[in-house]
Every structure is written in structure tokens, then in C-alpha cells.
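Undergrad: Sequence and predicted structure below; questions after.
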Amino acid sequence: MSLSPSYDAVVVGAGMSGMAAAIRLAMFDKKVLLVEKHSIPGGLNSFYRRANRNLDVGLHALTNAVPKGTRAAPLTKLLKQLRIPYEALKLSPQTHSLIRFPKATMRFTNDFNDFDDQIKTHFPQSTQGWNELVEAIKSFNETNLENEYESAKDKVATFIQDEQLREMIFCPLMIYGSAWEHDMDWSQFVIMFKSIYLEGLGRPEGGVRTIIKLLTDKLQELGVELRYRCELQEVCTDQGNVKSVRLNDKRLGEILIETPLVFSSAGLPETLAKTQGQDSITARPGSMSFTETILFMHKTPNQLNQKATLIFHNNRDHYQYQKPEQLIDDQSAVICLPNNYHEGTSEFNEGVARVTFMANNEKWVSLSEEEYKREKEKVTAKAIALVSSYFNDSPEIIYHDTFTPKTVTRYTGHFAGAVYGSPDKSRDGTTATNGLIITGTDQGFLGIVGAMLSGISMANLHGLQGGRL
Ligand SMILES: Cc1cc2nc3c(=O)[nH]c(=O)nc-3n(C[C@H](O)[C@H](O)[C@H](O)COP(=O)(O)OP(=O)(O)OC[C@H]3O[C@@H](n4cnc5c(N)ncnc54)[C@H](O)[C@@H]3O)c2cc1C
């Protein structure tokens with residue numbers, strides 16, 4: 001094993017949080033090594049190319065999509081911290097999103113008044129409770145790192161008695177960010193409520209690639225050393241302090257790097273499993289995973305008479321947010337229609353629809369190769385049938401691909417294909433080992449904007465002693 005020069009910090013994972021953390025550290029002249037086990041950046045928010053088509057993983061919608069110049073908003077703060085101009089995101093707002101339940105359908109846009117009107121029209125008896133809930137959310141400091149877990153379901157029930165309304169409000173917030181089945185942490189609920197309903201949704205032209213390119217360009221400009229196909233094997237410690245990391249670099253073989261500081265976005269249980277002296281790991285792997293089917297169609301959704309950018313579809317009166325007993329839960333899904341963000345631009349020359357189902361990781365990993373292929377085809381067929389039910393004509397499918405929880409683990413290393421990480425978070429980023437800091441999903445800020453904010457604030461707090469955002 002060779003010994004490499006020492007670094008001020010090693011950042012594990014070139015996903016959204018890892019890249020943001022590395023940028024912040026390098027801006028203040030820290031010598032940073034960013035290691036990524038995969039051969040491309042992005043992590044859960046990445047991309048691939050098949051059959052001459054660009055396919056996106058992650059990014060149905062950028063949350064917190066406030067207009068340029070909005071003061072003290074998470075998106076504007078993060079762009080300022082990373083020194084990225086707002087225009088560079090080329091952000092288009094959503095048209096509208098639908099929350100579709102059997103007995104009611106509500107829509108929301110980036111103007112919160114629209115959602116407010118919908119709630120007051122569909123659930124007039126809940127007006128007062130709804131107003132009070134919104135006030136409670138607006139005045140709550142969800143980013144306080146000392147906040148303890150509190151059940152959001154219990155808290156929201158103190159404001160709103162109508163169960164159907166509660167279920168409809170929770171549906172988009174849970175599927176876009178809850179590591180907990182059936183419920184959410186109140187702080188996480190407030191984060192998601194503000195970022196989706198109050199601040200809004202958008203999509204950068206070019207999708208995930210646009211965001212990733214902005215971050216990798218910045219890393220290059222700052223001279224950050226980024227090594228792909230380089231996997232953290234072990235965080236080595238001495239008397240409870242980080243001393244070095246052992247890496248498996250596909251090019252150089254096994255190497256030992258001296259560093260006092262490791263920022264890991266690999267996940268809390270995943271990181272602790274690789275840390276010396278962590279005999280009993282209490283952080284549990286998450287259980288929420290998903291399949292996603294990407295469909296390319298001969299017509300755009302707009303041509304098929306559907307103008308929504310997102311549809312939160314649920315066939316039950318209750319919203320069953322849990323790991324399904326079967327391979328997928330085909331009674332609920334999110335449908336993303338990216339063309340609709342950019343109607344009239346030249347980004348797409350085909351229609352695209354993305355359909356996400358909740359999925360059971362253990363069931364997917366237990367399948368034989370043949371069964372796996374067959375089941376993926378069945379998921380694709382269900383996704384096509386569901387999307388078609390929202391169009392005025394059956395779309396002709398030109399190309400499709402489906403990824404499963406197994407794919408998530410293969411490309412990101414997350415245990416159990418968990419997209420929202422462990423239900424146990426380290427809100428201040430610290431672990432029992434001095435100098436080992438958790439960033440991203442398992443620090444508790446997730447989604448694309450959340451993960452970047454997490455990387456920035458953990459770098460500021462633990463690497464630059466500059467306090468929080
Ligand atoms: C289908 C899907 C749709 C989504 N839609 C949206 C959306 O619409 N809006 C939104 O805001 N968010 C969305 N997300 C979530 C969002 O993509 C993630 O929350 C965010 O990207 C998480 O970033 P992260 O940095 O915390 O973690 P990750 O992206 O998981 O990054 C961790 C990185 O660490 C690397 N790594 C792991 N182990 C090691 C190791 N041992 N050594 C070296 N490297 C390692 C991984 O390869 C990975 O690149 C979606 C995710 C998925 C899967």
C-alpha cells in the first residue's frame with residue numbers, strides 16, 4: 001500500500017453534498033481530496049446515456065425554486081455561497097402539479113395562493129386550521145441543528161381534523177423526502193413544506209447535467225483534486241480522532257491518505273461500517289426505495305393534452321407511504337413530465353415521462369437474473385398504463401428503461417437502495433469519531449438543494465469554523 005501526501009480534508013462522494021462541501025473548503029484554500037467510487041459525478045442525482053438519449057436519474061424538480069433576487073431563501077443563499085450566478089441554472093418554473101386522490105384532485109403552482117384557494121375550496125371546514133398550520137410552519141426554525149424528532153403527523157393533526165386533507169398535504173412531501181415510513185420528522189416536514197409549497201418547483205434546462213456541470217466546473221476552477229473510481233475502504237482512527245483514510249483507487253491501487261477531517265456523504269450507517277472502532281452501529285439503514293421508469297414517446301405530454309409537470313397519483317383514500325410488501329406499490333406513484341417545464345424550447349425532440357413507484361429492496365435483490373428482467377418489464381408496462389390514463393391518447397413508446405433499488409445500491413453504495421437514507425440522522429453532522437462529519441441525506445437535509453446546503457453548512461461549521469449558513 002502506498003502512502004500519499006496529506007490533505008486538510010477528504011470528502012467522500014461526488015454527489016450534490018460532497019461537491020458542495022469540497023467547493024466551500026477549497027474556496028478557503030483548504031487542500032481537499034474528493035473521492036467518488038463511481039466513474040461519474042452526481043450520486044443519486046446523476047445521468048446516463050442509452051440509445052443516443054440522455055436519461056436523468058434524480059431531479060424531477062428542483063425544490064426551493066424562488067425567483068431571482070428572493071432574499072434569504074435557501075436557493076439564493078446556496079448560489080451565493082458557491083458563487084454561481086442564478087441565471088446559470090436556466091431554471092424554468094413548473095406549470096402546475098396535481099395531487100390526485102380517489103375523491104379529490106388538488107393542484108398547486110409556484111404561487112402559494114393557488115394552493116391556498118384549492119384547499120379552501122375543497123376543504124372549507126378546515127380553513128382556520130389550515131391558516132394556523134401555515135403560520136406555525138412559517139414561524140418554525142427548521143434548520144436549528146438542536147431540533148429533536150417530533151411526529152409531523154401528530155403535530156399536523158392538532159391543526160387539521162380532516163384526515164383526507166392531511167393525507168393529501170403529506171403525499172408530495174413524503175415521497176420527495178421522508179426516510180421514515182408512515183410519518184415524517186416535524187423539522188423535515190417544515191423543510192419540505194416550505195421548499196415545495198411555499199417556494200415552488202422548477203427544472204434547469206438540460207436537467208441534472210446543468211447542475212452537475214456548474215459544480216464540476218467550480219471544482220476544476222478551484223483546483224480540487226477529484227478522483228473517480230476511488231472508493232473509501234476505511235476511516236482509520238487514533239484515540240477517537242480521524243488519522244487517515246484507506247482508499248481503493250482503480251488506477252493506483254490501495255492507498256493511505258493522511259487527513260484529520262473526513263466529510264462523508266456515503267450515508268451514516270454506510271460510513272460508520274467503514275470506520276475503525278465503531279463496533280456497534282446504531283444507525284439503521286433506510287427502507288424507502290423506488291423504481292423509476294423513463295419513457296420516451298412519439299408525442300409530448302402537451303400534445304397528449306396533459307400540461308402538468310408533476311402528478312402525485314394515489315388510488316387509496318389513505319396515502320400508504322411505506323416499503324411495499326410486493327416488488328412495487330402500483331396503487332401510488334409520481335409522474336414527472338419534464339417537457340412541460342420547457343414547452344417551446346429545443347431541449348427535447350421526443351416526449352418524456354418518468355414514473356416512480358415505491359419499491360421493496362429485499363424483494364428485488366432476491367430475484368434471479370431472468371426474474372429480474374421479467375419483473376422490470378412488468379413495472380414498465382404498469383408505468384405505461386398509468387401515464388396513459390392521464391393522456392387523451394395512448395402514447396407510442398419509442399424507448400424505455402427502468403431502474404430499481406438494486407441499481408441504486410450498485411451505483412451509489414446506499415444500503416438497501418435507500419434513497420432518503422437512514423431514519424437516524426446526525427443533524428449537526430458529528431459522529432463519535434472526532435473529525436468524521438456526515439453531509440447530505442443523513443445529516444438531514446436532502447433533495448438536490450438540501451444536499452448542497454448540507455455540504456456547504458457542514459463545511460462552514462466543521463471545516464472553516466465559520467458557523468452555519
Ligand atoms: C429517482 C430519484 C428522483 C429524485 N428526484 C428528486 C427531485 O425531484 N428533487 C430533488 O431535490 N431531489 C430528488 N432526488 C433526491 C436527490 O437526488 C438526493 O436527495 C440528493 O442527490 C442526495 O445527495 P447526497 O450528496 O446526499 O447523496 P448521494 O447523491 O447519494 O451522493 C453520495 C455519493 O457518494 C458516493 N459513495 C458512496 N460510498 C462511497 C465510498 N465508499 N467511496 C467513495 N464514494 C462513495 C456515491 O457513489 C455517491 O456519488 C431524487 C432521487 C432519486 C433517486
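TA: Cool, the structure landed.
Undergrad: interface residues of the stretch 201-350 of the chain facing the ligand?
TA: Residues of the stretch 201-350 of the chain lying near the ligand by CB under 6 Å from any ligand atom: 231-232, 265-266, 290, 292. C-beta coordinates here come from the backbone N, C-alpha and C atoms, glycine included.
Undergrad: Beta-bridge partners for Leu34, please?
TA: Listed beta-bridge partners, Leu34: Val11, Leu226 (assigned using DSSP bridges).
Undergrad: I'd guessed it sits against Met19; true?
TA: Yes. The pair formed by Leu34 and Met19 meets the contact definition of CB atoms under 8 Å, at 7.1 Å.
Undergrad: quick one on the thing from earlier: and the residues of the stretch 201-350 of the chain next to the ligand as a markdown table, adding distance to Phe108, neighbour count and secondary structure?
TA: Listed next are those as a markdown table, based on distance: CB to CB, whole Å; neighbours: other CB atoms under 10 Å; DSSP: H, G, I helix; E, B strand; the rest coil:
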| residue | distance to Phe108 | neighbour count | secondary structure |
| --- | --- | --- | --- |
| Glu231 | 41 | 18 | strand |
| Leu232 | 40 | 24 | strand |
| Ser265 | 30 | 33 | coil |
| Ala266 | 34 | 28 | coil |
| Phe290 | 22 | 22 | strand |
| Glu292 | 22 | 26 | strand |
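Undergrad: what about Leu34 and Met19, which has more around it?
TA: Met19 (31 against 27; other CB atoms under 10 Å).
Undergrad: quick one: pLDDT of that one?
TA: Per-residue pLDDT puts Met19 at 98.
Undergrad: May I have the secondary structure class of it?
TA: helix (DSSP: H, G, I helix; E, B strand; the rest coil).
Undergrad: In this structure it contacts Leu215, no?
TA: Yes. Assessed by CB under 8 Å, Met19 is found in contact with Leu215 at 4.3 Å.
Undergrad: and this structure, what are its domains?
TA: 2-59+209-284+420-463, 74-198, 287-412 (automatic domain parsing).
Undergrad: any idea which of those domains is most buried?
TA: Among those, domain 2-59+209-284+420-463 has the highest mean neighbour count (mean count of other CB atoms under 10 Å), at a mean of 21.
Undergrad: hmm, back to that, any shared contact partners between Leu34 and Met19?
TA: Leu219 (CB atoms under 8 Å, 6 or more residues apart in numbering).
Undergrad: residue contacts, Thr407?
TA: The neighbours of Thr407, taking CB under 8 Å, 6+ apart as the test, are Gly417.
Undergrad: that older thread, identify, from the residues of the stretch 201-350 of the chain next to the ligand, the entry nearest to Gln161.
TA: Phe290 (31.4 Å; CB to CB).
Undergrad: Which parts of the stretch 51-200 of the chain are helices?
TA: Applying DSSP state H, counting those that start in this stretch to the stretch 51-200 of the chain gives helices spanning 74-82, 112-122, 127-138, 152-157, 163-175, 186-193.
Undergrad: ok, now how distant is the residue nearest to Gly15 when sequence neighbours are not counted from the ligand?
TA: Counting by CB to CB, 6 or more residues apart in numbering, Gly15 lies nearest to Gly43, which is 2.5 Å off, once chain neighbours are set aside. As for Gly43, its distance to the ligand is 2 Å (criterion: CB to the nearest ligand atom, to the nearest Å).
Undergrad: and Gly43, what pLDDT?
TA: Reported pLDDT for Gly43: 96.
Undergrad: same check, this time on Arg468
TA: Here, the pLDDT recorded for Arg468 equals 44.
Undergrad: related to what we said a few turns ago, show me the common contact partners of Met19 and Leu215, please.
TA: Joint contacts of Met19 and Leu215 (CB under 8 Å, 6+ apart) are Pro41.
Undergrad: Can you pull the residues of the stretch 351-469 of the chain lying near the ligand?
TA: Contact residues (CB under 6 Å from any ligand atom) of the stretch 351-469 of the chain with the ligand: 356, 412-414, 419, 440-441, 446-449, 451.
Undergrad: Same list as before, those residues that is, but in JSON lines and with secondary structure included.
TA: Shown next, in JSON lines, are those (three-state DSSP):
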{"residue": "Thr356", "secondary structure": "strand"}
{"residue": "Thr412", "secondary structure": "helix"}
{"residue": "Gly413", "secondary structure": "coil"}
{"residue": "His414", "secondary structure": "coil"}
{"residue": "Val419", "secondary structure": "coil"}
{"residue": "Gly440", "secondary structure": "helix"}
{"residue": "Thr441", "secondary structure": "helix"}
{"residue": "Leu446", "secondary structure": "coil"}
{"residue": "Gly447", "secondary structure": "helix"}
{"residue": "Ile448", "secondary structure": "helix"}
{"residue": "Val449", "secondary structure": "helix"}
{"residue": "Ala451", "secondary structure": "helix"}
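Undergrad: And those residues, which two are furthest apart?
TA: Maximum distance among those (CB to CB): 22.5 Å, for Gly413 and Val449.
Undergrad: can you list the weak-confidence ranges in this structure?
TA: 1-4, 279-281, 466-469 (pLDDT under 70).
Undergrad: swap the cut-off to 80 and go again
TA: Counting by pLDDT under 80, the chain contains low-confidence residues at 1-5, 145, 278-282, 344, 465-469.
Undergrad: Select the longest helix from it.
TA: Counting by DSSP state H, the longest helix found in the chain is helix 369-388.
Undergrad: Check which element follows that helix along the chain.
TA: The helix or strand immediately downstream of helix 369-388 is strand 397-403, counting by DSSP states H and E.
Undergrad: could you say what helices and strands that following strand packs with?
TA: Using 3 or more CB pairs under 8 Å, 6 or more residues apart in numbering; DSSP states H and E, the elements in contact with strand 397-403 are strand 289-297, helix 369-388.
Undergrad: got CSV for the ones you listed, with distance to Val242 too?
TA: Shown next, in CSV, are the helices and strands packed on strand 397-403 (distance: least, CB to CB, whole Å):
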stretch, distance to Val242
strand 289-297, 30
helix 369-388, 39
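Undergrad: check contacts around the closest residue to the ligand within the stretch 351-469 of the chain.
TA: Proximity of the stretch 351-469 of the chain to the ligand (CB to the nearest ligand atom) peaks at Gly440, 2.3 Å away. By CB under 8 Å, 6+ apart, Gly440 lies in contact with 13, 15-18, 265, 421, 446, 451, 454-455.
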